[in-house]
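Visitor: sequence unknown, structure follows:
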Ligand code: ATR
């Protein structure tokens with residue numbers, strides 16, 4: 001049976017094994033999928049061992065998404081642009097790195113009917129998670145794409161890095177005062193500490209949508225803020241998680257699973 005796994009630290013609570021088991025069942029694929037705890041110090045040795053054990057593909061989660069890049073035999077263009085790898089595909093001699101996070105994000109927006117094209121889009125935060133969604137966001141041609149952060153340097157660096165793909169306006173959160181956006185995406189990690197970032201008054205236009213890259217408890221502060229903005233629709237990142245997994249599954253197995261059923265299953269707990 002072909003073997004797959006997610007590697008991370010900690011990884012015990014990962015939803016990936018349940019998700020991929022469901023994908024395999026749905027598509028009639030015979031495979032196993034487990035969670036492998038890998039501490040940062042042993043990442044190179046672990047990758048080598050998993051290769052020798054015949055694993056055909058791996059998902060990579062925190063804290064390895066950037067470090068794993070140096071250990072890949074080759075890296076896809078989109079993973080290079082995202083600056084991180086979330087999917088490994090076995091090759092003869094090693095691992096090819098890819099990144100399905102951006103694709104998963106855009107597919108989830110599409111599933112939800114949250115438009116990007118021609119809309120004013122604001123992304124909150126300028127860390128690794130945000131970098132992973134900027135390429136597909138720009139390619140969907142928003143009217144404007146603003147990236148804001150507490151300090152202006154990180155958004156400025158992103159605007160520079162993505163200049164050839166499309167224009168990003170770098171801002172600080174507090175300088176957004178008076179602006180209106182049709183789609184606001186929370187890409188900060190503040191929710192993991194139970195916080196919502198400090199923002200000026202009304203930022204969401206009438207009929208506007210809010211999306212958080214996080215899910216579970218980390219989503220709650222942003223959800224409360226989005227409600228206070230009278231958002232037309234509010235979504236967490238659980239759909240993105242499933243969509244990025246489905247995209248990885250398709251890379252490995254050549255068949256696309258039905259994500260809606262799996263999102264429902266995970267939401268049910
Ligand atoms: P990730 O991989 O989750 O993107 P990261 O690269 O550390 O993590 O980025 C975290 C992002 O959340 C950054 O944009 C960070 O803002 P700063 O660059 O100003 O630190 C943002 N962030 C985290 N906690 C925050 C908080 N309490 N208030 C505002 N922004 C916060």
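Guide: Good, I have the coordinates. Because the structure is a prediction, the values reported are computed rather than measured.
Visitor: so what's the nearest residue to residue 247 once chain neighbours are set aside up against?
Guide: In this structure, residue 247 finds its nearest non-sequential neighbour in residue 100, 3.7 Å apart by CB to CB, 6 or more residues apart in numbering. (Glycine included, C-beta is placed from N, CA and C.) With contact taken as CB atoms under 8 Å, 6 or more residues apart in numbering, residue 100 is in contact with 86, 87, 243, 244, 245, 247, 248, 251.
Visitor: Export these as JSON lines, with columns for secondary structure and pLDDT.
Guide: Written out in JSON lines, the entries for the contacts of residue 100 read as follows (DSSP: H, G, I helix; E, B strand; the rest coil; pLDDT from 0 to 100):
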{"residue": "86", "secondary structure": "coil", "pLDDT": "98"}
{"residue": "87", "secondary structure": "strand", "pLDDT": "98"}
{"residue": "243", "secondary structure": "helix", "pLDDT": "98"}
{"residue": "244", "secondary structure": "helix", "pLDDT": "98"}
{"residue": "245", "secondary structure": "helix", "pLDDT": "98"}
{"residue": "247", "secondary structure": "helix", "pLDDT": "98"}
{"residue": "248", "secondary structure": "helix", "pLDDT": "98"}
{"residue": "251", "secondary structure": "helix", "pLDDT": "98"}
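Visitor: among those residues, who's most crowded?
Guide: Most neighbours among the contacts of residue 100, by other CB atoms under 10 Å: residue 248, with 30 neighbours.
Visitor: And that one, how far from residue 214?
Guide: Taking CB to CB, to the nearest Å as the criterion, residue 248 is separated from residue 214 by 20 Å.
Visitor: can you check residue 197 too?
Guide: When distance is defined by CB to CB, residue 197 is 13 Å away from residue 214.
Visitor: which of the two has more neighbours?
Guide: Between residue 197 and residue 214, counting by other CB under 10 Å, residue 214 is the more crowded of the two (24 against 18).
Visitor: pretty sure residue 152 is touching residue 174, no?
Guide: No. The pair residue 152 and residue 174 fails to qualify as a contact (CB atoms under 8 Å) at a distance of 10.4 Å.
Visitor: Compare those two and say which is more crowded by neighbours.
Guide: When neighbours are counted by other CB under 10 Å, residue 152 and residue 174 differ, and residue 152 comes out ahead with 17 against 11.
Visitor: what's the closest non-adjacent residue to the more buried one?
Guide: With sequence-adjacent residues excluded and distances taken as CB to CB, 6+ apart, residue 152 is closest to residue 172, at 5.2 Å.
Visitor: Look up how far residue 236 lies from the residue in the stretch 1-150 of the chain that the ligand sits nearest to.
Guide: Nearest residue of the stretch 1-150 of the chain to the ligand (CB to the nearest ligand atom) works out as residue 127 at 1.9 Å. Here the distance between residue 127 and residue 236 works out to 18 Å (CB to CB).
Visitor: between those two, who's got more neighbours?
Guide: In terms of neighbours (other CB under 10 Å), residue 236 is the more surrounded of residue 127 and residue 236; the figures are 23 against 13.
Visitor: Next up, phi/psi of that one, please.
Guide: phi -100, psi -180 (degrees, to the nearest 10).
Visitor: residue contacts, it?
Guide: By CB under 8 Å, 6+ apart, the contact list for residue 236 reads 211, 212, 214, 215, 216, 219, 223.
Visitor: Which members of those residues are positioned in strands?
Guide: 211, 212 (DSSP state E).
Visitor: rewinding a little: quick check, pLDDT for the residue nearest to residue 247.
Guide: According to the predicted model, the pLDDT of residue 100 comes to 98.
Visitor: can you check residue 93 too?
Guide: The model reports residue 93 with a pLDDT of 88.
Visitor: Counting neighbours, what do you get for it?
Guide: Residues within reach of residue 93, counting by other CB under 10 Å, total 7.
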